[in-house]
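A.B. asks: Fold the stuff below for me.
(one chain, ligands or ions: 2)
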Amino acid sequence: MEVETKGAKVYTFGAGDAEGDRSMKALLGGKGANLAEMSSIGLPVPAGFTISTEACDYFSKHNGRWPHGLKEKIAEGVQYVENIMDTKLGDSEHPLLLSVRSGAAISMPGMMDTVLNLGLNDDTMEALARHTGNERFAYDSYRRFIDMFGDVVMGISHSKFEKAIAEIKKKKGVENDTDLDIDDLKEVVDRYKAVYRKETGHMFPDDPYEQLQFAINAVFNSWDSERAVKYRRINQITGLLGTAVNVQAMVFGNMGDDCATGVCFTRNPSTGENKLYGEFLINAQGEDVVAGIRTPKNISELQKVMPEAYDELLTHCTRLEEHYGNMQDIEFTIQKGTLYILQTRNGKRTGTAAVKIAVEMVEEGKIDNQTAVKLLVQPNHLDQLLHAQIDSDSIDEESVLGKGLPASPGAAVGHVVFSSEKAEELASDDYPVILVRIETSPEDVGGMAAAEGILTSRGGMTSHAAVVARGWGKPCVAGCGDIVINYKKKQFTNGSKTIKEGDWISIDGTLGAVIDGKHEVVKPEMDDDYYTFMNWVDEYRNMGVRANADSPEDSARAREFGAEGIGLCRTEHMFFGEKRISAIRKMIISETDEERRKALMTLLPYQKSDFRKIFKVMGGLPVTIRLLDPPLHEFLPEGTDEQKEVADNLGIDPQKFADIVRSLKEFNPMLGHRGCRLGITYPAITEMQSRAILEAAVELKQEGVAVLPEIMVPLIGTPQEFHSQKMVIDDVAKEVFEQTGDSVEYKVGTMIEIPRATLVADQIAKEAEFFSFGTNDLTQMTFGYSRDDAGKFLKIYLEEGILQHDPFQVLDTEGVGRLVELATQKGREENPDLKIGICGEHGGEPKSVAFCYKQGLNYVSCSPFRVPVARLAAAQAALE
Ligand code: PEP
Ligand code: MG
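C.D. replies: Ligands and ions are numbered 1, 2, ... in the order given. Just a heads-up that it's a prediction; the model follows:
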C-alpha cells in the first residue's frame with residue numbers, strides 16, 4: 001500500500017459541512033480553519049478546500065516539489081467543489097471559477113498572495129458571459145485575472161498591464177475603466193495577453209488545472225518572499241510551518257448593481273462601540289475595498305440599498321461574535337442579492353476598543369471575565385491605551401494641515417519622509433520620522449515599523465496602512481484627501497501650505513488630524529472600563545508587580561498604575577541637581593577617608609528626605625533601594641571648559657581636577673569600578689546610604705507611617721562581596737537603632753546580574769534575604785554584548801535572523817533564562833523563603849514576564865507605565 005506523504009491531504013468545506021474546524025489553525029491557517037468552522041455551523045460559505053501548511057513546509061524543503069499524492073487530492077477537492085456548485089472547472093457551459101488565497105496560522109495582512117477568477121480562458125469567459133448575461137462583466141473578470149495571474153504568479157509588474165489599459169483609454173479619450181465598452185475590453189484582454197507573452201516568453205495558460213498549479217505554487221512561494229519574511233521578523237512571528245492555501249469557489253460582488261463586497265467588524269475596532277462597523281462597495285471585487293483605490297461607503301448605507309442582505313449580514317455577525325466569543329472581522333460578498341461570508345477572524349483593535357469590548361462582552365453575558373482577561377486584551381493593548389495624545393491647546397486652526405480617518409490612535413511627532421527606504425535609513429531616537437504615502441502596500445512594512453506614525457492621503461479604515469498600524473499600536477491617519485503628495489518633488493501640499501521632506505509634522509491618530517510643526521503630547525486618562533478590567537486581571541494574577549522608580553513622583557505614578565511596591569530605586573538618579581552633584585563630586589575627588597565622609601555627610605540629608613517621601617508615597621509597601629551602582633566618572637564633567645568651571649566651583653586647582661577625571665577614566669567602565677566594588681573600596685558610601693534609608697524609615701515609623709525598606713547590593717559576583725556589604729549595613733542599622741532608641745524591620749539582599757553570581761547563588765542565599773535579577777547586566781555579561789554598543793550590530797543580527805529578538809528587550813530564555821532558572825533553584829534550595837524578583841527592562845515585557853512566572857519568581861518590576869502591561873501578562877501567564 002502506498003504511504004501518503006505528510007501534507008498531501010486537503011480539507012474540504014461547504015454546504016454545511018467541513019473536514020476541519022477552528023482548532024486547526026496550525027495546519028489549516030487562520031482563514032482555512034475559520035472557513036471550515038463557519039461552514040460547519042451552517043453559514044453561507046462558498047465551497048472549497050484547504051491545502052495544509054504541511055504541504056507548504058514540504059514545498060519549501062523539497063525545492064518546490066509537492067508532497068506525493070497532493071495532486072490527486074487537489075483534483076478530488078476540485079471535484080467536491082464542482083459537485084456542490086454544480087459547475088466544472090474549465091467547462092465551456094458551466095465553468096467553475098476559483099479563488100486561491102494564502103492563510104497562515106497568524107494573520108499577516110496583505111503579506112502573501114491571492115489569485116482570483118482562476119479558471120478563465122477564452123472558452124470559459126464566453127460561457128461566463130452567456131451564463132450571466134453580462135458580457136462586460138465576463139471580459140472585465142478575464143482581464144483582471146490575466147493581470148493578477150501575471151503579476152502574482154509570474155512576477156510581471158502590474159504597471160505593465162496598467163500601461164496597456166491606459167493607452168487604450170487614451171486612444172478612446174476616456175478616464176475611467178468603466179467608460180470602456182465591450183470592444184475596448186476585448187482589446188484590453190488581447191493586449192494583456194500580449195504583455196504576458198512578451199514578459200514570460202509563453203502563451204497565457206488556457207488549462208485551468210495548470211493555472212491552479214501555478215497559483216498554488218505562487219502562494220507557497222510568497223511565504224518566503226522578502227516582505228513576508230520581514231513582516232514575520234518585525235512582528236516576532238516564529239515557529240510556523242508555512243502558509244495554507246485556500247481554494248474556493250468564486251462569488252462575485254461585481255456582476256452589477258445588485259452585487260457588493262465589503263469588510264465589517266462586529267464592533268467598532270477604534271472605539272469598541274457595540275455597533276456594526278465597516279465599509280462596502282457596490283459592484284466591486286473584494287480587493288477593491290482593501291486596496292484603497294475606490295473610497296468605500298459606510299456599512300450603514302448597506303441597510304438602505306440592500307436591506308435584506310444587510311439584515312442577514314447582521315444576523316450572521318451576531319452569531320459569529322457569540323460563537324467565537326470575540327469581536328469578529330468579517331469579509332462578505334453579495335452576489336445578485338445573495339450574501340456569502342468569505343472570512344471571519346478575531347478583529348484587530350485599538351487598546352481602548354480592546355478593553356471596552358472585553359468589559360461589555362462580559363456585561364452582556366457573552367463571555368466570563370476569565371476569558372476576557374485571558375483572550376480579549378493583549379498586554380500591548382494596555383501599552384497603547386496609555387499612549388500620549390497631542391495637547392489640543394497647542395493646536396490652532398491655522399496649523400491643521402488636513403483631516404483624515406482616525407485609523408490608529410495615539411499621537412506621533414516627527415520629520416516627514418516620503419518613502420519607506422528613507423524612513424528605514426533615517427529614523428532614530430534623535431530623528432523621529434512620519435512616513436507619508438499616498439497609500440501603503442506590504443512593501444512598506446519596514447518603513448512603517450521604523451516610523452513614529454503613518455499618514456496616507458488615500459484609503460479607508462481597512463486599508464493596508466490602517467490595518468497594519470492598528471495592529472502595531474502605531475498612530476496612523478489614513479485617507480487624508482486634504483493633502484496632495486508629490487513624491488518627485490518630495491513634498492505635500494494642502495493648497496495653502498507646502499510641507500517638504502524633513503519638515504516636522506504631528507499626527508493625531510485618534511482624531512485623524514494632521515498638524516503642521518512639532519507639538520507637545522499629553523498622557524491619556526484611564527476610564528471606568530480600564531479599572532474594571534484591571535480588577536479582573538488582579539483576580540487571576542498571583543505574581544507580584546512592582547515598579548522601578550527613583551522619585552516620589554514616579555512612585556506615585558507607579559501606585560496609580562497598580563504597582564505593589566518598588567522593585568528598584570536607583571539611588572544614583574537622586575544625585576543630580578546642582579547642590580547634590582557638587583557634593584558627590586566633592587566625595588569623588590576626596591583624597592582622604594575623612595574628606596570623603598565629610599562630603600558624604602552633606603549628601604545624607606538629601607538622600608534621607610528623598611527616601612522619606614518615597615516611603616510615604618508607598619505607605620508600607622516594600623521599597624527596594626539599591627546602593628550606588630555606576631562608575632564614578634559618570635558624575636564628572638567631560639569637556640575641558642566644563643571641568644574648569646566645576647574645579648573653580650569646588651575650589652580646587654583645574655589641573656588637579658583634570659588629572660583626577662583622567663585617573664578615573666576606565667577602558668571598560670561597565671566592567672570596571674562600579675556596583676558593590678564602590679561600596680567595598682569606599683565603605684563610607686554604603687554607610688551614608690544605609691543610614692539615610694534607615695533613619696528615614698525609623699522617623700516615619702515614629703510618625704505612624706508603615707515602612708518596609710529593602711537594601712539591595714548591586715553587582716555581586718561572590719558571596720564574600722555580599723558579606724562585606726551586609727556587615728556594613730547591619731552595623732549602621734545597629735547604630736541608628738541605638739541612636740534613635742527605635743528600630744524597623746529591614747531586609748538586605750542583592751541584585752543577581754553577574755553570571756558568576758547565578759552559579760554560586762546558593763552560597764549568596766545563605767546571607768541574602770532576597771534576589772533581584774538585573775537582567776540588563778546579566779544579558780550584557782552572558783552574551784558579552786556591551787549594553788551601550790550593541791545597537792550597531794544587533795540590527796544586522798536581527799535582520800539576518802542570527803537573533804530572533806533583541807535580548808535586551810526580550811529575555812533570552814535559552815541562555816540568560818537558564819541562569820535565572822539556576823540561580824532561582826540554587827537560591828531557594830538554600831533558603832526556601834528567599835524572595836526573588838526581576839528588575840531589568842525585561843520585567844515589563846510580556847514574554848519575559850511569562851517566563852518569570854514559570855520560574856516561580858515572586859514579582860517582576862518595571863517602569864511605571866509598563867506596570868499595567870506586566871499585571872496583565874502575569875495574569876495571562878497564570879491562566880495559561
Ligand atoms: C540591570 O542590570 O538589569 C539593572 C536593573 O540595573 P541597571 O540597569 O541599573 O544596571
Ligand atoms: Mg545592573
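
A.B. asks: Could you report the separation of the closest residue to ligand 1 within the stretch 301-450 of the chain from residue 840?
C.D. replies: The stretch 301-450 of the chain approaches ligand 1 most closely through residue 429 (17.7 Å), counting by Cβ to the nearest ligand atom. From N, CA and C alone the C-beta is placed, and that goes for glycine too. From residue 429 across to residue 840, the span is 20 Å (Cβ to Cβ, to the nearest Å).

A.B. asks: follow-up on the earlier one: in a helix, the residue of the stretch 301-450 of the chain closest to ligand 1, correct?
C.D. replies: No. Under DSSP: H, G, I helix; E, B strand; the rest coil, residue 429 falls outside any helix and is assigned coil.

A.B. asks: Need phi/psi at it.
C.D. replies: phi -60, psi -40 (degrees, to the nearest 10).

A.B. asks: and the gap between the closest residue to residue 107 other than its chain neighbours and ligand 2?
C.D. replies: Spatially, and ignoring its direct neighbours in sequence, residue 107 is nearest to residue 30 (5.5 Å; Cβ to Cβ, 6 or more residues apart in numbering). In this view, residue 30 and ligand 2 are 41 Å apart by Cβ to the ion, to the nearest Å.

A.B. asks: what are the ranges of the strands in the stretch 1-150 of the chain?
C.D. replies: Taking DSSP state E, counting those that start in this stretch as the criterion, the stretch 1-150 of the chain carries its strands at 10-14, 17-18, 48-51, 88-89, 95-96, 98-103, 114-118.

A.B. asks: and of these, who's closest to ligand 1?
C.D. replies: Counting by Cβ to the nearest ligand atom, ligand 1 lies closest to strand 98-103 out of the strands of the stretch 1-150 of the chain; the figure is 40.7 Å.

A.B. asks: any idea how far residue 842 lies from residue 569?
C.D. replies: Plainly put, residue 842 is 18 Å away from residue 569 if you go by Cβ to Cβ.

A.B. asks: Equivalent analysis for residue 164, please.
C.D. replies: Taken as Cβ to Cβ, the span from residue 164 to residue 569 is 69 Å.

A.B. asks: ok, these two, which is more surrounded?
C.D. replies: Counted by other Cβ atoms under 10 Å, residue 164 and residue 569 do not tie: residue 569 has more neighbours, with 27 against 19.

A.B. asks: Need phi/psi at the more buried one.
C.D. replies: Residue torsions, per degrees, to the nearest 10, at residue 569 are phi -110, psi 110.

A.B. asks: okay, and for the stretch 401-550 of the chain, where does confidence drop off?
C.D. replies: For the stretch 401-550 of the chain, the stretches flagged by pLDDT under 70 are 461-462, 471, 473, 522-523.

A.B. asks: So what's the residue count around the closest residue to residue 773 other than its chain neighbours?
C.D. replies: The shortest distance from residue 773 to any non-neighbouring residue, by Cβ to Cβ, 6+ apart, is to residue 838 (4.3 Å). By other Cβ under 10 Å, the residues close to residue 838 number 31.

A.B. asks: what does this structure have sitting close to ligand 1?
C.D. replies: Contacts of the chain with ligand 1, taken as Cβ under 6 Å from any ligand atom, map to 568, 570, 629, 753, 774-777, 839-840.

A.B. asks: Look at residue 851 and tell me its secondary structure.
C.D. replies: With three-state DSSP as the criterion, residue 851 reads helix.

A.B. asks: any idea how far residue 847 is from the nearest residue to it once chain neighbours are set aside?
C.D. replies: Among residues not flanking residue 851 along the chain, residue 813 sits closest, at 5.2 Å (Cβ to Cβ, 6+ apart). As defined by Cβ to Cβ, residue 813 lies at a distance of 8 Å from residue 847.

A.B. asks: Over to residue 571?
C.D. replies: From residue 571 to residue 847 the distance is 30 Å (Cβ to Cβ).

A.B. asks: Please apply the same query to residue 670.
C.D. replies: On the measure of Cβ to Cβ, residue 670 and residue 847 end up 25 Å apart.

A.B. asks: Please apply the same query to residue 277.
C.D. replies: Separation of residue 277 from residue 847 (Cβ to Cβ): 31 Å.

A.B. asks: Also residue 744?
C.D. replies: 38 Å.

A.B. asks: Looking at the two now, which is surrounded by more residues?
C.D. replies: Taking other Cβ under 10 Å, residue 744 and residue 847 do not tie; residue 744 has more neighbours (22 against 16).

A.B. asks: In three-state terms, how would the closest residue to that one other than its chain neighbours be classified?
C.D. replies: Distances taken as Cβ to Cβ, 6+ apart place residue 697 nearest to residue 744, at 4.5 Å, with adjacent residues excluded. What three-state DSSP gives for residue 697 is helix.

A.B. asks: Hmm, residue 746 and residue 697 touching each other?
C.D. replies: Yes. Counting by Cβ atoms under 8 Å, residue 746 is a contact partner of residue 697 at 6.9 Å.

A.B. asks: Show me the shaky parts of the stretch 251-400 of the chain.
C.D. replies: Applying pLDDT under 70 to the stretch 251-400 of the chain flags residues 289-293, 392.

A.B. asks: All the helices of it, in order from the start?
C.D. replies: With helices called from DSSP state H, counting those that start in this stretch, the stretch 251-400 of the chain shows them at 286-291, 300-305, 307-324, 351-363, 369-371, 379-385.

A.B. asks: before we move on, back to that, model confidence at the residue nearest to residue 744, what's the number?
C.D. replies: Note for residue 697: predicted pLDDT of 98.

A.B. asks: Now stretch 742-750: average pLDDT?
C.D. replies: 98.

A.B. asks: And the contacts of that stretch?
C.D. replies: The contact list for stretch 742-750 (Cβ atoms under 8 Å, 6 or more residues apart in numbering) reads 624, 693-694, 697-698, 701-702, 707-714, 716, 722, 725-726, 729-730, 733, 737, 757, 764, 767-772, 835.
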